[in-house]
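> Sequence plus predicted model, see below.
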Amino acid sequence: MKVAVIGAGAAGCFCAIALRRLLPDCAVLVHEAGPRPLRKVAVTGGGRCNLTNSFEGIGRLQEAYPRGWQLMKRALGAFSAADTQAWFEREGVRLVTQPDGCVFPRSQDAMEIVRTLLRLMERLGVEVRCGSRIDDVRAVDADAVVVTTGGGALRLLEGSGVALEPPVPSLFTFNLGDDPVRALAGTVVENATAALAGTKFRAGGPLLVTDWGMSGPAILKLSSYGARYLAEQGYRAQLLVGWLGDRADAEVRERLEALFAENPRKQLSSVRLPELTARLWQHLLQKSGVRAELRCAEAGPRSLSRLTEILQRDPYPVCGKSRFKEEFVTCGGVSLRDVNLQTLESKCRPGLYFAGEVLDVDAITGGFNLQAAWSTAMLAARGIASNKDRK
Ligand SMILES: Cc1cc2nc3c(=O)[nH]c(=O)nc-3n(C[C@H](O)[C@H](O)[C@H](O)COP(=O)(O)OP(=O)(O)OC[C@H]3O[C@@H](n4cnc5c(N)ncnc54)[C@H](O)[C@@H]3O)c2cc1C
């Protein structure tokens, strides 16, 4: 049996290794358009490679995988994050899990992952042909073809009948034009919420004010949840920030009342809630229209309402996006409607399989995207192995 894998990224290389182990008599040829395999893995996680996640902070799978969570439920059932860790440790890579659940090689060196995969491919006799770009999947001569070309590289599927969801970027930061908040660049709020006005898209976590707008895990997550909506809006939307995290309005109001009651003679500008920096509080006071020189005892119900509103739903005009440390993933790709979720084989073209980011599956940051590559690659390899007797 001859299998062609198209794309020597995380999914392609992992799939090739799994195939050679599952089907030792099968010849596996990996076509890679670029000069070297695994170029992206080498730069993941800022060169440290956040290869998976403990999933401990994830309640529902949709939180990690806004698109493709149903597929990921199956894929993780077949090859979980714990299986991934055990797999790499068996191959001699020692791993470390950070308190936030992100898993890295103990060496903090992505090249250790690259070298491990390359060594295994060589040992198992996987042929990798670099500089070999495939322009049309129908022209590939093999018993089975696995497309692992990553996000956005869909040209080779045009005309094949495979249904595609249009690719748009995910995981970006927000540009806020010349909004005065940019003067607070460097301000970090550990537990904020970020939402897109008029939608259900909402995310929580640390938020960072930058010199172009807003970034940090809460914003990156929101960009992922709202990736397609934001693309449709031309990256123009209203961002609503909750500076104190996920709290009820009544609780925020009570905290302000308690703060003001403790400091009746002080001006509003000289008290603040511990979650906020003094500069951020000044900014919010100014934006709310409540006079900063007012004494706390003089802050009446209207001032309290205005301050509660700004702490809970502080509006900012988003007018564009920027890359986060050059890290991004693609939302969209091969439609999951046309893929057998057990085997990752195309429903319209038997013998054609998919794995990794080329599928309409993508995740928030934290190692979930690479986990999708490992799990779907294993699912496709097992799918080919289970279908081989069909040949
Ligand atoms: C800078 C950066 C940092 C990241 N860091 C992390 C991280 O720490 N943790 C995490 O989980 N995720 C991270 N991601 C996301 C993660 O890297 C990807 O989701 C993952 O690499 C996808 O793997 P893949 O094999 O599907 O695609 P890719 O890694 O993109 O590989 C696809 C391969 O196919 C080749 N190819 C494309 N078209 C063709 C063609 N027509 N013919 C032949 N070959 C072709 C490409 O050259 C490429 O080598 C990061 C992404 C970026 C950009």
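Received, thanks. Keep in mind that this is a model prediction, so the values were computed, not measured. Residues are numbered from 1 along each chain as shown.
> Tell me the pLDDT of the closest residue to Ala142 other than its chain neighbours.
Excluding its sequence neighbours, the residue lying closest to Ala142 (C-beta to C-beta, 6 or more residues apart in numbering) is Ala4, at 3.8 Å. Any C-beta I mention is one placed from the backbone N, CA and C, and that applies to glycine too. Ala4 is assigned 98 on the pLDDT scale.
> got the contact list for the residue of the chain most remote from its centre?
Relative to the C-alpha centroid of the chain, counting by C-alpha atoms, centre = their mean, Arg265 is the outermost residue, at 47.7 Å. Listed by C-beta atoms under 8 Å, 6 or more residues apart in numbering, the contact partners of Arg265 are Arg295, Cys296, Ala297.
> do Thr199 as well
If a contact means C-beta under 8 Å, 6+ apart, then Thr199 has Gly226, Tyr229 as its contacts.
> The stretch 101-250 of the chain against the ligand: which residues are in contact?
Residues of the stretch 101-250 of the chain lying near the ligand by C-beta under 6 Å from any ligand atom: Arg133, Ile134, Thr148, Thr149, Gly150, Ala153, Leu156.
> Now render those as CSV, adding secondary structure.
Shown next, in CSV, are these (DSSP: H, G, I helix; E, B strand; the rest coil):
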residue, secondary structure
Arg133, coil
Ile134, coil
Thr148, coil
Thr149, coil
Gly150, coil
Ala153, coil
Leu156, helix
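> looking at those residues, which has the most residues close by?
In terms of neighbour count, Thr148 stands highest of these at 31 neighbours, by other C-beta atoms under 10 Å.
> Could you give the backbone dihedrals for that one?
phi -130, psi 50 (degrees, to the nearest 10).
> Surely it and Val3 touch.
No. The pair Thr148 and Val3 does not pass the contact test of C-beta atoms under 8 Å, sitting 11.7 Å apart.
> Give me the neighbour count for the residue nearest to Ala142.
Ala4 has 22 neighbours, counted by other C-beta under 10 Å.
> Please apply the same query to Gly216.
Neighbours of Gly216 (other C-beta under 10 Å): 20.
> before we move on, back to that, ramachandran angles for the residue farthest from the centre of the chain?
Here is the backbone geometry of Arg265 (degrees, to the nearest 10): phi -90, psi -10.
> so how far is Asp338 from it?
Look at Arg265 and Asp338: by C-beta to C-beta, to the nearest Å, they are 69 Å apart.
> Partner strands of the helix or strand containing Ala192 and their direction?
In the assignment (DSSP states H and E), Ala192 maps to strand 188-196. Here strand 188-196 has these sheet partners by DSSP bridges: strand 202-209 (antiparallel), strand 237-242 (antiparallel).
> Tell me which residues are up against the very next helix or strand once past the last one.
Think strand 237-242. Scanning forward in sequence from strand 237-242 by DSSP H and E, the next helix or strand is helix 249-262. With contact meaning C-beta under 8 Å, 6+ apart, helix 249-262 is reached by 244, 268, 271-273, 296-297, 299, 304-305, 307-308, 311-312.
> Point out the least confident one among those residues.
Across the contacts of helix 249-262, the smallest pLDDT goes to Arg272, namely 91.
> With adjacent residues omitted, what lies nearest to that residue?
Trp281 (4.1 Å).
> Can you give me the separation between the one you found and Leu196?
Per C-beta to C-beta, Trp281 is found 25 Å from Leu196.
> Give me the helix or strand of the chain that scores worst on average pLDDT.
strand 320-323 (a mean of 91; mean pLDDT, DSSP states H and E).
> That one - contacts with which helices or strands?
Strand 320-323 is packed against strand 172-175, with contacts defined by 3 or more C-beta pairs under 8 Å, 6 or more residues apart in numbering; DSSP states H and E.
> can you pull the alpha-carbon coordinates of the strand it packs on into CSV?
Extracted C-alpha coordinates of strand 172-175, given in CSV (Å, rounded to 0.1, in the frame of the first residue of the first chain):
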residue,chain,number,x,y,z
PHE,A,172,-5.2,38.4,17.1
THR,A,173,-5.1,41.6,19.2
PHE,A,174,-7.5,44.6,18.7
ASN,A,175,-6.5,48.0,17.3
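> which residues are in contact with that strand?
By C-beta under 8 Å, 6+ apart, strand 172-175 touches 210, 212-215, 219-220, 223, 235, 239, 316, 318-324, 328.
> Could you pick out the buried ones from those?
Among the contacts of strand 172-175, those buried by neighbour count (16 or more other C-beta atoms under 10 Å) are 210, 212-215, 219-220, 223, 235, 239, 316, 318-319, 321, 324, 328.
> Could you find the lowest-pLDDT member of those?
Phe324 (73).
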